[in-house]
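1. From the sequence below, what's the structure:
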Amino acid sequence: MGKLKVGIIGCGNISAIYMKNIPTFSQLELSACADLDVNRAKARAEEFGIEKAYSVSELLADPSIQIVINLTIPAAHAEVCLQVLEAGKHVYVEKPLAVTREEGRAILEKAQSKGLLVGSAPDTFLGGGIQTCRKLIEDGWIGTPIAGTAFMMSRGHEFWHPDPEFYYQQGGGPMFDMGPYYLTALVALLGPIRRVTGSAGISYPERTITSEKKRGQKIQVEVPTHVAGVLDFHSGAIATLVTSFDISGGTNLPNIEIYGSKASLRVPDPNTFGGPVYIRKHGGDWEPIPLTHGYTENCRGLGVAAMAQAILDGDTRAHRANGQLAYHVLEAMHGFHDASSEGKHYLMHSSCEKPAPLEAYSVL
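-> A predicted model of the protein is given here:
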């Protein structure tokens, strides 16, 4: 099997897991990394044995690089993606696809005009946990899916992240930070979304950083930090999604549950690749279900491998964490905020294919 050469732009916190995992996929060869701070790129290259440490422009000019993984901050996602595509390379970007819908559409249009692929995190829905849930639904274990609930309740990131400001600026907030995991999982399980509505607010206009190295610094909050939404799917199912950075006392709410005509399904944390998975039938209690699929550890980069496989095979169906799915999720996230500010449902303009399920214990 051939390999596609990969370059990574952005050598911050999240880059380590990609640099660790990418060389483990048979389709991928990690040959370069780049950052605005070239010294940081050099440090990452030395740490992970990467051949080339570049500036961003040097990486884009390297004709041997075929796929670029864009790990910059959300505000830079669109600009970097467009530069990558203009350079004639496929691009895979960390979530979200972009900050605005206009930017997201521009990325997809540029890729189409260039005959290139766009991929986007999250790829956790390809892991053993959610793929097992998908198989249970499609095998009829819960009957017809009727409804779902999803909760991401946290107290924010300023107590642990060394540079947490961007979580509270445009492109941040709990919906744009964690919503992609939950929405992508719901679309993978229930299909595309027809409309959304919701309420959104800023509970604490100012936050204090308590992590090192910026302990004591203040953050002025620009985006909603508590977003409660309702989703209507084309399938007829209705789901509730709440994302929050304002829950200081914690909660026992489940991450995701899907309710069917025969049984209920408890879906694992969509920010992970594994389980546990539980089923509850009428009159019974929650029962654990063994996972039917692999990729249960932190396999970030799995979506890049699937994209590379699609390129090698000429089979776009294999490209599951694709740009259309990411744009659909991006539009839904904005839709919650629009619905809250305008006081009415937001009708989705985009759609996407429900990603094809993986075969049980298939290996990419």
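
2. only C-alpha atoms for contact and neighbour calcs from this point on.
-> Noted.

3. Roughly how far does the most centrally placed residue in the chain sit from residue 244?
-> Centre of the chain computed as the mean C-alpha position; nearest residue by Cα atoms, centre = their mean is residue 122, 2.4 Å away. Separation of residue 122 from residue 244 (Cα to Cα, to the nearest Å) stands at 19 Å.

4. likewise residue 34?
-> For residue 34 relative to residue 244 (Cα to Cα), the value is 33 Å.

5. just checking, residue 338 touches residue 348?
-> No. Using Cα atoms under 8 Å as the test, residue 338 is too far from residue 348 to be in contact (11.4 Å).

6. When the two are compared, which one has more neighbours?
-> Higher neighbour count among residue 338 and residue 348: residue 338, with 19 against 15, using other Cα atoms under 10 Å.

7. Now do the contacts for the more buried one.
-> Residue 338 is in contact with residue 346, counting by Cα atoms under 8 Å, 6 or more residues apart in numbering.

8. How much space separates it from residue 344?
-> For residue 338, the distance to residue 344 - Cα to Cα - is 8 Å.

9. before we move on, what about residue 111?
-> Taking Cα to Cα, one finds residue 111 at 33 Å from residue 344.

10. which one of those two has more residues nearby?
-> Ranked by neighbour count (other Cα under 10 Å), residue 111 and residue 344 place residue 111 first, with 23 against 13.

11. Quick check on that one: phi, psi?
-> phi -60, psi -40 (degrees, to the nearest 10).

12. now the helices for the stretch 101-250 of the chain?
-> 101-114, 128-138, 173-190 (DSSP state H, counting those that start in this stretch).

13. burial count for residue 2?
-> 11.

14. pLDDT below threshold where in the stretch 151-300 of the chain?
-> Within the stretch 151-300 of the chain, not a single segment meets pLDDT under 70.

15. ok, residue 81 - contacts?
-> Applying Cα under 8 Å, 6+ apart, the residues near residue 81 are 70, 91, 93, 107.

16. tell me which of these is nearest to residue 308?
-> Using Cα to Cα, residue 91 comes nearest to residue 308 of the contacts of residue 81, at 10.5 Å.

17. Where does the closest one fall, secondary structure wise?
-> strand 90-93 (DSSP states H and E).

18. Residue 20 now?
-> Applying DSSP H and E as the criterion places residue 20 in helix 15-21.

19. elements contacting that helix?
-> Packing contacts for helix 15-21, counted by 3 or more Cα pairs under 8 Å, 6 or more residues apart in numbering; DSSP states H and E, involve helix 38-48.

20. quick one: buried residues of the helix it packs on?
-> Within helix 38-48, the residues scored as buried using 16 or more other Cα atoms under 10 Å are 38, 40, 41, 42, 44, 45.

21. now do stretch 102-112
-> 103, 104, 105, 106, 107, 108, 110, 111.

22. Quick one: the residues you listed as TSV, columns for pLDDT too.
-> Shown next, in TSV, are those (pLDDT from 0 to 100):
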residue	pLDDT
103	98
104	98
105	98
106	98
107	98
108	98
110	98
111	98
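
23. nearest to residue 231, of these?
-> Nearest member of these to residue 231, counting by Cα to Cα, is residue 104, at 20.9 Å.

24. Not including adjacent chain positions, what is the nearest residue to that closest one?
-> residue 98 (5.3 Å; Cα to Cα, 6 or more residues apart in numbering).

25. That neighbour reaches residue 73, doesn't it?
-> No. With contacts counted by Cα under 8 Å, residue 98 stays clear of residue 73, the gap being 9.8 Å.

26. When these two are compared, which one has more neighbours?
-> residue 98 (28 against 17).

27. The more buried one belongs to a strand?
-> No. Judged by DSSP: H, G, I helix; E, B strand; the rest coil, residue 98 forms no part of a strand; its state is coil.

28. From residue 72, how far off is it?
-> 11 Å.

29. Residue 267 now?
-> According to Cα to Cα, residue 267 stands 30 Å off from residue 72.

30. These two: which is more packed in?
-> A count of neighbours by other Cα under 10 Å puts residue 267 above the other of residue 267 and residue 72, at 27 against 24.

31. Hmm, residue 279 and that one touching each other?
-> No. Under the criterion of Cα under 8 Å, residue 267 is not in contact with residue 279, lying 9.1 Å apart.

32. closest to residue 273 out of the helices of the stretch 101-250 of the chain?
-> helix 128-138 (5.9 Å).

33. What are the buried residues along the closest one?
-> Per 16+ other Cα under 10 Å, helix 128-138 contains these buried residues: 128, 129, 130, 131, 132, 133, 134, 135, 136, 137.
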